[in-house]
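S.K.: A predicted structure for the sequence below; I have some questions about it.
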There are 2 protein chains.
Amino acid sequence: MRFSDWHVLVDNGFGVTAEFARVRRDILEGIDAIRWPPGAHDFALRPADLRARPQQRNGVKPIKEAFVSLLADRGWRLEHDLFDAHLTLPGGVPFAVEWETGNISSSHRAMNRLGLGMHEGRIGGGILVVPTRALYAHLTDRIGNFAELERYLPLWERWDGEPGFGYLAVVTVEQDRLDPTAPYIPRGTDGLALP
Amino acid sequence: MRFSDWHVLVDNGFGVTAEFARVRRDILEGIDAIRWPPGAHDFALRPADLRARPQQRNGVKPIKEAFVSLLADRGWRLEHDLFDAHLTLPGGVPFAVEWETGNISSSHRAMNRLGLGMHEGRIGGGILVVPTRALYAHLTDRIGNFAELERYLPLWERWDGEPGFGYLAVVTVEQDRLDPTAPYIPRGTDGLALP
DNA sequence: TATGGATCCATA
DNA sequence: TATGGATCCATA
């Protein structure tokens, strides 16, 4: 999958550290590891067909697996009840990453969760990964997406400079290309996994 | 329906004004106007049956109708693309109310929407109405509820004292009583519901 | 029981 | 097309 943009909302200086360089590299490599169809060398998505009845769209559940998997390989801890993944940095401060392909409203909760984590001193910073609008158009309806989150960014940028709020960014991802011959990513509980 | 609690998160002094007294009265009367079954003198809810397959629960869509209707009668404006209802106060500042029976994550978005409205100066304050956990237990699964929102309140209380942030509260509501002989509130066909 | 999510609906 | 919502799912 293709990394699109990195929107920094809060940065107390962490963004220029070596620790950050490592976080950034892990996340970019995690995004790059996402492939479709299984075994492909990139992420080629079958376009949604909104005229079909019922509409044909790609499901989202399997998408993040390769991402989370790579982070785990890189030493990140996966604890579903906290954040998708977090890494304890040399200074002893956990840094969290949330991959958000739930409903757009769930992205609001994820941002608030990162904010609360910083407010309570449980994490020093975090990143939310969401689809661009161009990717969103082909996935399950109403999935989190940057375009819709964008007008709320000023609310979260207010945290910049507050004690405990070390770093916060929204990272966007997109398909490498559309391919009408690719299979749709299965939806629902049929349990398909990316390799 | 029964008013349960009024949790004030932000108050720049609005809470002691005559305008606030009017807002409060309208909201309390709006809550009181919610009845079940239709035509009843109170809100008597059939208990959810979580052992049945599929689970039997009450839908939420019709619940807020009487509330919103009463506010409209009291001069509040209903504009679905902004807030459920808002009232322009003598000072010229709109005050917003959101009735939240969407998913709990949608309650996070609603709080952020109120915050953004104050940040941008479009409203002077707002109120979010959500079910208590006791009401939540009998409604569509994962509906917004106070218990689950509670740990995030410190995040929104941080807005207190900030310019533009006049007033913010979370108001909770609950059934008057459970009644096994009452009909279930009908559900829609959203999400994964079978048609 | 508790929490994060995934999916489809309604309407402007 | 855009936004808020409503409904079940998976799993600890």
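M.R.: On my side now, so go ahead.
S.K.: Give me the secondary structure label for A:Pro180.
M.R.: coil (DSSP: H, G, I helix; E, B strand; the rest coil).
S.K.: Now do the contacts for it.
M.R.: A:Arg46, A:Pro47 (CB atoms under 8 Å, 6 or more residues apart in numbering or on different chains). Backbone N, C-alpha and C define where each C-beta goes, glycine included.
S.K.: ok, now how distant is it from chain B?
M.R.: To chain B, A:Pro180 is 27 Å away according to CB to the nearest CB, to the nearest Å.
S.K.: Ok, A:Gly164 next?
M.R.: Separation of A:Gly164 from chain B (CB to the nearest CB): 11 Å.
S.K.: isn't that residue right up against A:Ile123?
M.R.: No: applying CB atoms under 8 Å, one finds A:Gly164 not in contact with A:Ile123, separated by 9.2 Å.
S.K.: Would you tell me which residues of chain A are close to DNA strand D?
M.R.: By the rule CB under 7 Å from any atom of the strand, the part of chain A lying against DNA strand D is A:50, A:80-81, A:103-105, A:133, A:137, A:141-142, A:147-148, A:188-189.
S.K.: Intersect those with the contacts of DNA strand C.
M.R.: Answer for the residues of chain A next to DNA strand D near DNA strand C (CB under 7 Å from any atom of the strand): A:His80, A:Asp81, A:Asn103, A:Asp141, A:Arg142, A:Gly188.
S.K.: and the fourth one, that's in a strand?
M.R.: This points to A:Asp141. No: looking at A:Asp141 with three-state DSSP, it is coil, so not inside a strand.
S.K.: Now do the contacts for it.
M.R.: Counting by CB under 8 Å, 6+ apart, A:Asp141 touches A:Gln55, A:Arg57.
S.K.: returning to that earlier point: of the residues of chain A next to DNA strand D, grab the buried ones for ChimeraX.
M.R.: This is the ChimeraX syntax for the buried subset of the residues of chain A next to DNA strand D, where burial follows 16 or more other CB atoms under 10 Å in any protein chain shown:
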select /A:103,104,105,137,148
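S.K.: Between A:Gly164 and A:Ile123, which is the more surrounded one?
M.R.: Comparing A:Gly164 with A:Ile123 by other CB atoms under 10 Å in any protein chain shown, the one with more neighbours is A:Ile123, at 25 against 16.
S.K.: Sticking with the residue nearest to that one when sequence neighbours are not counted, tell me its helix or strand.
M.R.: Take A:Ile123 and drop its neighbours on the chain: the residue closest to it by CB to CB, 6 or more residues apart in numbering or on different chains is A:Gly117, 4.1 Å away. If you go by DSSP states H and E, A:Gly117 is part of helix A:104-119.
S.K.: Any part of whichever helix or strand comes after that helix near chain B?
M.R.: The first helix or strand that comes after helix A:104-119 along the chain, using DSSP H and E, is strand A:125-131. No: using CB under 8 Å from any CB of the partner chain, strand A:125-131 never reaches chain B; the gap is at least 13.0 Å.
S.K.: Restrict strand A:125-131 to CA atoms and write it as PDB.
M.R.: In PDB, the C-alpha atoms belonging to strand A:125-131 read as follows (Å, rounded to 0.1, in the frame of the first residue of the first chain):
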ATOM      1  CA  GLY A 125       2.500  10.300  21.700                       C
ATOM      2  CA  GLY A 126       0.600   8.500  19.000                       C
ATOM      3  CA  ILE A 127      -0.300   8.200  15.400                       C
ATOM      4  CA  LEU A 128      -3.600   7.500  13.700                       C
ATOM      5  CA  VAL A 129      -3.500   5.900  10.300                       C
ATOM      6  CA  VAL A 130      -6.600   6.400   8.100                       C
ATOM      7  CA  PRO A 131      -7.500   6.000   4.400                       C
END
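S.K.: Go through the helix or strand following it and flag the buried ones.
M.R.: Toward the C-terminus, strand A:125-131 is succeeded by helix A:133-136 as the next helix or strand (DSSP H and E). Across helix A:133-136, burial judged by 16+ other CB under 10 Å covers A:Leu135, A:Tyr136.
S.K.: Mind exporting the C-alpha coordinates of the next helix or strand after helix A:133-136 to PDB?
M.R.: Once helix A:133-136 ends, the next helix or strand along the chain (criterion: DSSP H and E) is helix A:146-149. Presented in PDB, the C-alpha positions along helix A:146-149 are these (Å, rounded to 0.1, in the frame of the first residue of the first chain):
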ATOM      1  CA  PHE A 146      -8.900  11.900   6.200                       C
ATOM      2  CA  ALA A 147     -11.100  14.300   4.300                       C
ATOM      3  CA  GLU A 148     -13.900  13.900   6.900                       C
ATOM      4  CA  LEU A 149     -11.500  14.200   9.800                       C
END
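S.K.: Quick one: residues in contact with helix A:146-149.
M.R.: Here helix A:146-149 has contacts from A:5, A:7, A:104, A:107-108, A:111, A:130-133, A:136, A:170, A:172, using CB under 8 Å, 6+ apart.
S.K.: let's go with 10 Å and repeat that
M.R.: With CB atoms under 10 Å, 6 or more residues apart in numbering or on different chains as the test, helix A:146-149 has contacts from A:4-5, A:7, A:100, A:104-105, A:107-108, A:110-111, A:128-136, A:142, A:153, A:156, A:170-174, B:109, B:112.
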